[in-house]
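Participant: got a structure for you, letters missing:
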């Protein structure tokens, strides 16, 4: 099938888990039985060993100029190391800072003002990148749109992992469609994270005849993402994304006063660990109250990497098939804020149809 050449914008914890995973699963074959951590061994004939990093961009001077294999373990990255990564021969280039650093994280990043940003479009073209994975921090509206534009100009598909609305925004998705380039997004779901858990629980209540009256999801963690989100002004799109992912499961929307979803606080010693607290209150048979409280404890970044490896391969399939614009099936199953929301069961069915080619998008 050949390689899938990807570029990474933002060499943080999520990138670290993704790159580690490409080594960790390099020997997995399509015919292997269920492999822990993978939803698909093969997608359209593409294995994880077919994904190759050919370009990467960051703004921290401890990463810029180093090989990607070294940069993924450089501070302030703090995710778990589950695989050694050989030298990739890909140097991290300086990207533009724009709004990528929050007031609450500027002490965590070492930015050398003397380092001139590279020409991102040229780097994408010269590297032969086919898919750009956007890992900009939450709230980086300018930076996310900059990289989306760079992908368009360089002829790359885009996997938008962040809650800046690109795939779900008609103006942007139309631009990708015009150029026959696929875009998948927005705001990555985790394999088993707070949002997917919350959606499933809400759906369970509804399908068992329970009227949901109130619900919340509160998350705490210790990586730079949680520190970044202490600046509440950067959370507008994130809260919309996470809230709509759950609201979409209800036939009648809960009032704003009865649903609260979003990050709660930053706890430095937790590092890349994330703890989510989900509560659902409702009324069952006879209007008798029912309350569910649960606690989810995960390593945050590997949880998203298991989704990105599927998104990248779906994006490549679309490129092979010359399909442009937002991929609604992959976006709905793998992301929180897709162009169209479906139940997870329906989204999974549509995704499998896209992979087999019986569904266009």
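Facilitator: Nice, thanks for sending it over. From a predicted model like this one, the values you see are computed outputs, not experimental measurements.

Participant: Nearest spatial neighbour of residue 249, chain-adjacent residues omitted?
Facilitator: Spatial nearest neighbour of residue 249, chain neighbours left out: residue 202 (4.7 Å); criterion: CB to CB, 6 or more residues apart in numbering. In this view, the C-beta of every residue, glycine as well, is placed from N, C-alpha and C.

Participant: So residue 222 versus residue 108, what's the distance?
Facilitator: Using CB to CB, to the nearest Å, residue 222 is found at 12 Å from residue 108.

Participant: Neighbour count: the two, which is higher?
Facilitator: Each of residue 222 and residue 108 has its neighbours counted (other CB atoms under 10 Å); residue 222 has more, 20 against 15.

Participant: Quick one: residues contacting the nearest residue to the more buried one once chain neighbours are set aside.
Facilitator: Nearest-residue entry for residue 222: residue 270, 3.2 Å, with adjacent residues in sequence omitted and distances by CB to CB, 6+ apart. Applying CB atoms under 8 Å, 6 or more residues apart in numbering to residue 270 gives the contacts 220, 221, 222.

Participant: and the second one, what is it in contact with?
Facilitator: If a contact means CB under 8 Å, 6+ apart, then residue 221 has 263, 266, 267, 270, 272, 273, 274, 275, 300 as its contacts.

Participant: Now, those that are in strands?
Facilitator: Per DSSP state E, strands hold the following members of these: 263, 266, 273, 274, 275.

Participant: Looking at the residues you listed, which is nearest residue 83?
Facilitator: residue 273 (18.6 Å; CB to CB).

Participant: my read: the closest one touches residue 297, true?
Facilitator: Yes: contact criterion CB atoms under 8 Å: residue 273 and residue 297 qualify, at 7.0 Å.

Participant: Nearest to residue 340 among the contacts of residue 221?
Facilitator: residue 263 (25.8 Å).

Participant: gap between that closest one and residue 104?
Facilitator: For residue 263, the distance to residue 104 - CB to CB - is 12 Å.

Participant: go on, residue 5?
Facilitator: Taken as CB to CB, the span from residue 5 to residue 104 is 35 Å.

Participant: ok, now residue 274?
Facilitator: 17 Å.

Participant: Distance from the helix or strand harbouring the residue nearest to residue 249 to the middle of the chain?
Facilitator: Assigned by DSSP states H and E, residue 202 belongs to helix 194-207. Distance, stretch centre to chain centre, for helix 194-207: 20 Å (CA atoms, centre = their mean, to the nearest Å).

Participant: Summarise which helices and strands it is packed against.
Facilitator: Using 3 or more CB pairs under 8 Å, 6 or more residues apart in numbering; DSSP states H and E, the elements in contact with helix 194-207 are strand 211-221, helix 236-247, strand 273-283, strand 289-299, helix 344-356.

Participant: if we can go back for a sec, what is the nearest of the ones in strands among the contacts of residue 221 to residue 183?
Facilitator: Using CB to CB, these come closest to residue 183 at residue 263, 25.7 Å.

Participant: show me where pLDDT drops low in the stretch 1-150 of the chain?
Facilitator: 1 (pLDDT under 70).

Participant: For it, which segments are assigned as strands?
Facilitator: 4-9, 51-58, 92-94, 131-134 (DSSP state E, counting those that start in this stretch).

Participant: residues of the helix holding residue 202 that come out buried?
Facilitator: 194, 195, 196, 197, 198, 199, 201, 202, 203, 205, 206 (16 or more other CB atoms under 10 Å).

Participant: Contacts made by it with the rest, please.
Facilitator: 189-190, 212, 215, 217, 219, 242, 245-246, 249-251, 261, 274, 276, 278, 280, 282, 290, 292, 294, 296, 336, 343-344.

Participant: And the average pLDDT for that helix is what?
Facilitator: Mean per-residue pLDDT for helix 194-207: 96.

Participant: how much does it deviate in direction from strand 273-283?
Facilitator: Comparing the axes of helix 194-207 and strand 273-283 via axes from the mean of the first three to the mean of the last three CA atoms, to 10 degrees yields an angle of 20 degrees.
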